[in-house]
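Enquirer: Build me a model:
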Amino acid sequence: MDRTDSRTARLRGFLQTDPGNTELALALADELLRGGQPSEAREVLSSHPSVVEPVVQHRLAQIALAQGDYVDARERLQSLLAHAPASATIVHDLAFALIGLRRLDEAAECLDRHGFAHESDLAIALLRARLAMLQGRFGDAVGQLQALAGRSPDDAQVLGVLALALFDDGRESEARVPAQRAIALDAEQHEALLALGSLSLSRHDADEAGPLFILALRRHPGSGRALSGLGQSLLLRGELPNGEFALERATVAMPEHLGTWHALAWSQLLQGKRDDAEHSYQQAYELDRNFGESHGGLALVAALKGDAATAEAAIKRALRLDPQSPTAHYARIVLQQARGEEGIALDGLEALRAQMQVEGGIPTAQFAQVLSMLMARAPGAVQ
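Expert: Got it, this is the predicted structure:
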């Protein structure tokens with residue numbers, strides 16, 4: 001029995017002798033949560049006589065957040081906020097639950113309405129910056145985080161989130177320093193690992209990127225961004241089934257992320273799974289019907305299936321939205337190959353090999369080599 005199990009056992013024993021003790025129940029729940037047993041922690045507090053007390057309700061909401069049960073957390077926290085002063089932790093946790101539910105405007109309203117009294121609270125300030133990132137306001141987030149880093153220069157979380165905001169703002173050369181400082185303070189700081197992994201992935205260094213994303217998943221196993229990065233790094237290494245599995249998990253964690261659906265489609269396409277790839281492109285299309293690459297992906301699948309009419313129509317839509325769409329150009333090459341226009345197809349393939357990068361981080365040369373084999377078997381033989 002390790003130290004954690006021993007402490008849990010002792011707390012259980014104490015609570016059995018004093019079953020109405022709220023502090024003991026909270027301590028046991030916290031220990032179970034630290035030990036990776038959130039369901040057991042929830043059960044301890046839900047069945048305790050003090051379950052209606054605000055402090056217990058708040059802890060149950062925090063356990064729900066840890067489990068990703070944002071609906072339950074929101075309901076408990078809204079009830080607390082309606083009957084008690086708006087403490088910094090309740091405001092933060094409610095806004096966090098709303099972000100988890102992708103109700104970004106409501107989260108911003110919550111922070112604006114209740115957070116003004118806690119502007120000096122680091123957690124709330126950090127959550128404001130995270131919200132700005134989710135809303136695509138990366139420049140605003142960087143400014144907020146740089147101010148926080150000035151106040152708290154040794155806070156690993158602030159530095160890690162700053163690094164990721166810099167990366168997402170296209171300031172990759174600036175992201176490495178705060179990321180490395182964060183890792184020096186906390187070897188598993190999540191956003192810093194995401195930033196460093198993404199930097200490695202942008203250089204197509206799968207051997208460096210993969211372990212960084214794996215480490216990020218140790219503390220946050222459901223992180224969609226870490227799963228997506230891991231999946232892409234596995235594709236770079238040629239581990240297509242494992243890459244596909246990680247990317248499928250990533251789409252469950254963040255089903256609204258177009259790039260992950262496209263990376264998943266590539267992983268499936270490279271394995272000859274045309275129907276699965278078509279489904280992935282269709283999911284991306286439903287999210288944004290004006291994104292050229294989704295139309296291009298559907299065109300490529302249709303071309304590989306030998307459906308020239310559907311492919312041609314999708315190619316036109318893709319190139320109207322994005323004249324540089326790699327998938328649309330690949331689809332055209334497949335059709336040229338099918339019509340026996342070998343020279344034109346190979347010239348187009350060489351141009352793409354030299355000029356374009358494939359969605360999902362796969363180097364063009366590697367993809368082109370695999371695609372050439374697919375094309376040689378298209379439209380009927382790829383299963």
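
Enquirer: Please report the distance of residue 71 from residue 311.
Expert: Residue 71 sits 42 Å away from residue 311, going by CB to CB, to the nearest Å. All C-beta spots, glycine's among them, are computed from the backbone N, C-alpha and C.

Enquirer: and the two? which has more neighbours close in?
Expert: Neighbours per residue (other CB atoms under 10 Å) separate residue 71 from residue 311, with residue 311 holding more: 25 against 12.

Enquirer: Can you say which helix or strand has that one in it?
Expert: helix 308-321 (DSSP states H and E).

Enquirer: Of all the residues in that helix, which ones are buried?
Expert: Residues of helix 308-321 classed as buried: 308, 311, 314, 315, 317, 318, 319, 321 (neighbour count, 16 or more other CB atoms under 10 Å).

Enquirer: outside of that helix, which residues touch it?
Expert: 290-296, 298-300, 302-303, 325, 327-328, 331-332, 334-335, 338 (CB atoms under 8 Å, 6 or more residues apart in numbering).

Enquirer: Apply 6 Å and report the result again.
Expert: Defining contact as CB atoms under 6 Å, 6 or more residues apart in numbering, one finds that helix 308-321 is touched by 290, 292, 295-296, 298-299, 302-303, 325, 328, 331-332, 335.

Enquirer: For these, which single residue is the most surrounded?
Expert: residue 299 (31 neighbours).

Enquirer: Look at that one and tell me its secondary structure.
Expert: helix (DSSP: H, G, I helix; E, B strand; the rest coil).

Enquirer: Give me the distance between residue 145 and residue 139.
Expert: Taking CB to CB, one finds residue 145 at 11 Å from residue 139.

Enquirer: Which one's more surrounded, the two?
Expert: When residue 145 and residue 139 are compared for neighbours, residue 145 comes out ahead with 27 against 13, by other CB under 10 Å.

Enquirer: Help me confirm that the more buried one comes into contact with residue 162.
Expert: Yes - applying CB atoms under 6 Å, one finds residue 145 in contact with residue 162, separated by 4.0 Å.

Enquirer: Quick check: closest non-adjacent residue to residue 61.
Expert: residue 76 (4.0 Å; CB to CB, 6 or more residues apart in numbering).

Enquirer: From the contact counts, what lies against the strand or helix carrying the one you found?
Expert: If you go by DSSP H and E, residue 76 is part of helix 70-83. Using 3 or more CB pairs under 6 Å, 6 or more residues apart in numbering; DSSP states H and E as the contact test, the elements touching helix 70-83 are helix 54-67, helix 88-100.

Enquirer: Quick check: buried residues in it?
Expert: 70, 72, 73, 74, 76, 77, 78, 80, 81.

Enquirer: now stretch 17-28
Expert: 21, 22, 24, 25, 26, 27, 28.

Enquirer: quick check, nearest of these to residue 121?
Expert: residue 26 (22.2 Å; CB to CB).

Enquirer: Let's see the strand or helix carrying the closest one as PDB, backbone CA atoms only.
Expert: Counting by DSSP H and E, the element that carries residue 26 is helix 22-34. C-alpha atoms of helix 22-34 as PDB (Å, rounded to 0.1, in the frame of the first residue of the first chain):
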ATOM      1  CA  THR A  22     -17.800  17.500   6.900                       C
ATOM      2  CA  GLU A  23     -14.100  18.300   7.000                       C
ATOM      3  CA  LEU A  24     -13.300  14.600   7.100                       C
ATOM      4  CA  ALA A  25     -15.600  14.000   4.100                       C
ATOM      5  CA  LEU A  26     -14.000  16.800   2.200                       C
ATOM      6  CA  ALA A  27     -10.500  15.600   3.000                       C
ATOM      7  CA  LEU A  28     -11.300  12.100   1.900                       C
ATOM      8  CA  ALA A  29     -12.900  13.400  -1.400                       C
ATOM      9  CA  ASP A  30      -9.800  15.500  -2.000                       C
ATOM     10  CA  GLU A  31      -7.500  12.500  -1.400                       C
ATOM     11  CA  LEU A  32      -9.600  10.300  -3.800                       C
ATOM     12  CA  LEU A  33      -9.500  13.000  -6.400                       C
ATOM     13  CA  ARG A  34      -5.700  13.300  -6.100                       C
END
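
Enquirer: can you give me the offset of it from its chain's centre?
Expert: In this view, helix 22-34 has its centroid 30 Å away from the chain centroid, taken as CA atoms, centre = their mean, to the nearest Å.

Enquirer: next structured bit after the strand or helix carrying residue 180?
Expert: According to DSSP H and E, residue 180 maps onto helix 172-185. Counting by DSSP H and E, the next helix or strand C-terminal to helix 172-185 is helix 190-202.

Enquirer: number of nearby residues for the nearest residue in space to residue 172 that is not next to it in sequence?
Expert: Of all residues not flanking residue 172 in the chain, residue 199 sits nearest, at 6.2 Å (CB to CB, 6+ apart). Residues lying near residue 199 (other CB under 10 Å) number 20.

Enquirer: For residue 19, which three-state class applies?
Expert: Under three-state DSSP, residue 19 falls in the coil class.

Enquirer: and it, what does it touch?
Expert: Per CB under 6 Å, 6+ apart, neighbours of residue 19: none.

Enquirer: Could you measure from it over to residue 47?
Expert: From residue 19 to residue 47 the distance is 10 Å (CB to CB).

Enquirer: And for residue 319?
Expert: 61 Å.

Enquirer: Also residue 225?
Expert: Distance from residue 225 to residue 47, by CB to CB: 36 Å.
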